[in-house]
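> sequence-free structure coming up:
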């Protein structure tokens, strides 16, 4: 599973990072940092990733695979 985003739309609410700060890292301005091509979710973290996707108030996080 990968998480992808349109990072320029991130509102900086940081709910994803509050759910899992190790998986969802923020830049110095408080916006989520998703590598180009998506964030590869480690095995066992899929449920947490789905919770973060659902919690995003800007609806910019998506599952891709």
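In hand now; what should we look at? Just so you know, these numbers come straight off a predicted model, no measurement behind them.
> show the subsequent helix or strand relative to the single longest helix found in the chain.
For the chain, the helix with the greatest residue count under DSSP state H is helix 46-55. Toward the C-terminus, helix 46-55 is succeeded by strand 61-63 as the next helix or strand (DSSP states H and E).
> correct me if wrong: residue 38 contacts residue 2.
Yes. Shown here, residue 38 and residue 2 form a contact pair, counting by C-beta atoms under 8 Å, at 3.5 Å. Bear in mind the C-beta positions are built from the backbone N, C-alpha and C, glycine included.
> correct me, but residue 23 touches residue 44?
No. Residue 23 is not in contact with residue 44 according to C-beta under 8 Å; the separation is 10.8 Å.
> so for the one helix or strand residue 4 maps to, mean pLDDT?
Applying DSSP H and E as the criterion places residue 4 in strand 2-5. Along strand 2-5, the predicted local confidence has a mean pLDDT of 92.
> that one - which strands sit beside it in the sheet, and in what orientation?
strand 39-40 (antiparallel), strand 61-63 (antiparallel) (DSSP bridges).
> make a markdown table out of these and add distance to residue 10.
Written out in a markdown table, the entries for the strands paired with strand 2-5 read as follows (distance: least, C-beta to C-beta, whole Å):
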| stretch | distance to residue 10 |
| --- | --- |
| strand 39-40 | 13 |
| strand 61-63 | 9 |
